[in-house]
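*Asks:* What follows is a predicted structure for the sequence shown.
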Amino acid sequence: MPPYLKNLPGYVEAIRNIRETIIANIVFLGQIPAPTFHEKRRALKFMDRLLENDVDECTTDGYQNPIGIIRGKQSDLPPILLVAHLDTTFPKDCDHNYTITENTIKGAGILDNSVGVGVLASMPTILRHLDLSFHSDILLVGVIQSLGKGNQRGLRHLVKTWPTPIRGAICVEGVELGRLSYYSEGMIRCEITCEIFEEKGVEYRFKPNAILILHEVINQIMAIRLPQKPRSRVIIGMIRGGRKHGIIAYDATLGLEIQSDSDKMVKTIFADIKDMVTGISHEFGVRMKMETISNATASRLRYNHPLVKATGEIMAALDIHTVGEPSESELSILLSKNIPAVTLGLTHGEHYHQTDSQMAIDPLFKGIAQVIGVIQAIDSGVCDE
Amino acid sequence: MNKSWVASHTFHYSRFGDLAHLVEKKREKGLKISLCLPTLNEAKTIAKEIIIMKSELMTRYPLLDEIVVIDSGSTDDTVKIAESFDAKVYLADELLPEHGAYKGKGENLWKALYITTGDIIVYLDADIKNIHHRFCYGLVGPLLLYDHIKYTKAFYDRPIAIGKSKIRPTGGGRVTELVIRPLFSLFFPELTQILQPLSGEYAGYREVFEKIPFPIGYGVETSMILDICEKWGLDVIAQVDLERRIHRNQDTKALGRMSFVVIKTFLKRLENLGIIELKKDIYDQMIQYQLVKNDITPDVVKMAGIERPPMASIPEYREKFGPSAPNAS
């Protein structure tokens, strides 16, 4: 049994003893609105909190990703990367004040991903409290421009320009405690827009309607026969359009995501949908556009990779029920650069993407202990094959 | 009117952001500092206040020695939540029981003097949604760094002039602007320099608080300023810009009741000071009207304007703390 495993259950209680510091960091950071492309204030606060928690060094890279560094004992070893995205899906004018009760924190963006960012900012204090030090440097990075149209630009830049190899990485997400993501599916996220040409003067009474045209697009997508292998799916996640009840919709937008185990299949489905859109555009005489917002390549660690095995053992030692699931976010970028990485959830929660999203406080301490266990595993060499 | 007070006794909280220095000053002076949070059904906000103060001003910088919650009988989970985050929680009714029990913020603040141990006491409302530890260290800073200052008062949201060219609007809430400021202007123009006399956040030395009476309800902020000014002068007071506070908005009727108590407290002080003479007793009922279907019905609330005597006059307190507070500079 690796030596770090036996200490893990004891960490949970020790981390609980400094819960106020951890919760305060989560609240201080989470209450600053940070929609994608507008993360500056939260990024500055992240650095401020890292410094307040006595991180050894604090800096930004060329893309303004804030980075804290906990110095290791062997400067010649590559660093271990801990990453949490700073941006959220909530606009600036949304109320970001959090409510805390005996065992919950509630508010916009708490699960995605204020809790992850707050835990990263607390990590210097937590590791000091547990009297832990490492051979490698630990990089604590709050990446910017991660979500949606951000298309992981912050992390892409970081891994492209970081001057040394990276020994291993952990992507820290709010939920769900127990997730073990070690592979990512191929993905293209795109938007289809439809615009009806407006004419001067009296208009033809039965013009095409942008919403109904997108409805036709949806019908055709639904008719695509998707293969069982490689597993593939199209998620229609968003639709908006129109101006008022009694006027035909002159514009409408459909947001969708194509996911598959195979990058080739993702591209094939994308091309099929694009052909449909072109056909419908000509058929109805309207302007239609299909644009890619973000994409990820399918990549994975094998199930018996030492990092995956070690993470599973760590979760078992903490009595965490493990569920393997894909992740399309930061993990995809790291794995595609051959950086061994996993994505872990910190706690349990509900109303994930809503303004009243809520996290449970108590499981968080186990979630943090698991992250520390994985840092120790990487530091002991599980990614050095 | 001494117009220089506002310039010399107004601070921005950021001036006291060097928390290590404040802790050093506190140690040098041998002082203890207590934070008191008076509560009544504050389950939504109490935990955040306790957690942030504990994390930033007890664990990281030992500026505070204790956090005390004095509850007026909450029917929600306020008490349970506060206890779960290890605050010292007391029910106001159970403190000094031989002196009776009243409901009101002032009552809680008065009883806090008996139960807290600090030489400096910080009072913060427990309903601050955007709580930050600046609310506490901003008020404590002037008390630790300036020997002549004994009482600090918060203002926020409506900041003051900064520099020569940048003017920002000043002022308080509706009750301040419609009630307190006209009264101050009529009788104590110097006190108009206190931008938000009704703000619920203030701090001071025990030796000050123990020597003044405490109205049990809304009048406590007004009486505090008038009594401190009368006993020690305006020079012992400072005000601190805490920048922004997210308030819980109160309806006009509630503000009317608040104004009733404030005016009553004010009139009582004017009479005590011999400034005015009331030829008859004033009433203790606030009468407001409401339209129910087609009937106009009165909504009568009795507010007797009870005041607690200076805590230093209470035998149990003198027994606990001696004739005056320990270590007060």
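*Replies:* In hand now; what should we look at?
*Asks:* and chain B, which of its residues are near chain A?
*Replies:* Contact residues, chain B versus chain A (Cβ under 8 Å from any Cβ of the partner chain): B:43-45, B:47-48, B:51-52, B:54-56, B:59-60, B:77, B:80-81, B:84-85, B:129-130, B:132, B:246. In this view, the C-beta of every residue, glycine as well, is placed from N, C-alpha and C.
*Asks:* Quick check: ChimeraX command selecting the buried ones in these.
*Replies:* To isolate the buried members of the residues of chain B next to chain A in ChimeraX, using 16 or more other Cβ atoms under 10 Å in any protein chain shown:
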select /B:43,44,45,47,48,51,52,54,55,56,60,77,81,84,85,129,130,132
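*Asks:* so who does A:Lys40 touch?
*Replies:* Residues in contact with A:Lys40 (Cβ atoms under 8 Å, 6 or more residues apart in numbering or on different chains) are A:Gln64.
*Asks:* So it versus A:Gln31, what's the distance?
*Replies:* A:Lys40 sits 15 Å away from A:Gln31, going by Cβ to Cβ, to the nearest Å.
*Asks:* Count the neighbours of the closest residue to B:Arg174 other than its chain neighbours for me.
*Replies:* In space, and not counting its chain neighbours, B:Arg174 is closest to B:Leu255: 5.7 Å by Cβ to Cβ, 6 or more residues apart in numbering or on different chains. Residues lying near B:Leu255 (other Cβ atoms under 10 Å in any protein chain shown) number 18.
*Asks:* same deal with B:Glu83?
*Replies:* For B:Glu83, using other Cβ under 10 Å, the count is 15.
*Asks:* dump the residue contacts of it.
*Replies:* B:Val89.
*Asks:* How about A:Arg233?
*Replies:* So A:Arg233 contacts A:226, A:258-260 (Cβ under 8 Å, 6+ apart).
*Asks:* The host helix or strand of B:Gln288 packs against which elements?
*Replies:* Assigned by DSSP states H and E, B:Gln288 belongs to strand B:285-292. Other elements packing on strand B:285-292 under the criterion 3 or more Cβ pairs under 8 Å, 6 or more residues apart in numbering or on different chains; DSSP states H and E are helix B:252-272, strand B:295-302.
*Asks:* Provide the contact partners of the shortest one at residue level.
*Replies:* Same thing as strand B:295-302. By Cβ under 8 Å, 6+ apart, strand B:295-302 touches B:253, B:257, B:284-291.
*Asks:* Please repeat the previous calculation with a cut-off of 10 Å.
*Replies:* B:253, B:256-257, B:260-261, B:283-292 (Cβ atoms under 10 Å, 6 or more residues apart in numbering or on different chains).
*Asks:* and these, which are buried?
*Replies:* B:256-257, B:260-261, B:286.
*Asks:* Pop the domain breakdown of chain A in here.
*Replies:* Domains of chain A are assigned by automatic domain parsing as A:3-184+A:298-379, A:186-288.
*Asks:* mean pLDDT for these: which is lowest?
*Replies:* Lowest mean pLDDT of the domains of chain A: domain A:186-288, a mean of 91.
*Asks:* How far off centre is that domain?
*Replies:* Put simply, domain A:186-288 sits 26 Å off its chain's centre (Cα atoms, centre = their mean, to the nearest Å).
*Asks:* end to end, how far does that domain reach?
*Replies:* 25 Å (Cα to Cα, to the nearest Å).
*Asks:* Name the nearest residue to A:Ile211, ignoring sequence neighbours.
*Replies:* A:Ala249 (4.3 Å).
*Asks:* Cross-check the contact I'm expecting between that neighbour and A:Glu198.
*Replies:* No: assessed by Cβ atoms under 10 Å, A:Ala249 is found out of contact with A:Glu198, at 11.9 Å.
*Asks:* which of those two has more neighbours?
*Replies:* Under the criterion of other Cβ under 10 Å, the comparison of A:Ala249 against A:Glu198 puts A:Ala249 first, with 21 against 9.
*Asks:* ok, the more buried one - contacts?
*Replies:* So A:Ala249 contacts A:194-196, A:207-214, A:240-243 (Cβ under 10 Å, 6+ apart).
*Asks:* Looking at the residues you listed, which two lie furthest apart in space?
*Replies:* Of all pairs drawn from the contacts of A:Ala249, the greatest distance, 19.4 Å, lies between A:Lys207 and A:Arg240 (Cβ to Cβ).
*Asks:* So which of those two has more stuff around it?
*Replies:* Taking neighbours as other Cβ under 10 Å, A:Lys207 and A:Arg240 compare with A:Lys207 leading, 17 against 12.
*Asks:* Surely that one is within a helix?
*Replies:* No: with DSSP: H, G, I helix; E, B strand; the rest coil as the criterion, A:Lys207 is located in coil rather than a helix.
*Asks:* any idea what sits nearest the residue of the stretch 51-200 of chain A found nearest chain B, other than its immediate chain neighbours?
*Replies:* Closest to chain B within the stretch 51-200 of chain A is A:Ile100: 3.9 Å, counting by Cβ to the nearest Cβ. Excluding its sequence neighbours, the residue lying closest to A:Ile100 (Cβ to Cβ, 6+ apart) is B:Ala47, at 3.9 Å.
*Asks:* model confidence over the host helix or strand of the one you found, on average?
*Replies:* Per DSSP H and E, B:Ala47 falls inside helix B:46-54. Mean per-residue pLDDT for helix B:46-54: 97.
*Asks:* Put the alpha carbons of that helix into CSV.
*Replies:* The C-alpha trace of helix B:46-54 is given here as CSV (Å, rounded to 0.1, in the frame of the first residue of the first chain):
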residue,chain,number,x,y,z
ILE,B,46,-25.4,35.0,10.1
ALA,B,47,-23.1,32.1,9.1
LYS,B,48,-21.3,34.2,6.5
GLU,B,49,-20.6,36.9,9.0
ILE,B,50,-19.2,34.5,11.5
ILE,B,51,-17.2,32.5,9.0
ILE,B,52,-15.5,35.5,7.4
MET,B,53,-14.7,37.3,10.7
LYS,B,54,-13.4,34.1,12.2
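*Asks:* For that helix, name the packing helices and strands.
*Replies:* Applying 3 or more Cβ pairs under 10 Å, 6 or more residues apart in numbering or on different chains; DSSP states H and E, we find helix B:46-54 packed against helix A:19-30, strand A:99-100, strand A:104-106, strand B:33-39, strand B:66-71, helix B:78-84, helix B:134-145.
*Asks:* and for the third one, what are the contacting residues?
*Replies:* With contacts defined as Cβ under 10 Å, 6+ apart, strand A:104-106 is touched by A:23, A:26-27, A:30, A:98-100, A:110-111, A:114-115, A:118, A:347, A:349-351, A:355-362, A:364, B:44, B:47-48, B:51.
*Asks:* Just give the strands next to that strand in its sheet, each with its orientation.
*Replies:* strand A:99-100 (antiparallel), strand A:358-360 (antiparallel) (DSSP bridges).
*Asks:* who touches the longest one?
*Replies:* The one in question is strand A:358-360. Residues outside strand A:358-360 that contact it (Cβ under 10 Å, 6+ apart): A:26, A:30, A:98-99, A:101, A:103-107, A:110-111, A:114-115, A:174-175, A:177, A:346-352, A:367.
*Asks:* This completes my enquiry, with thanks.
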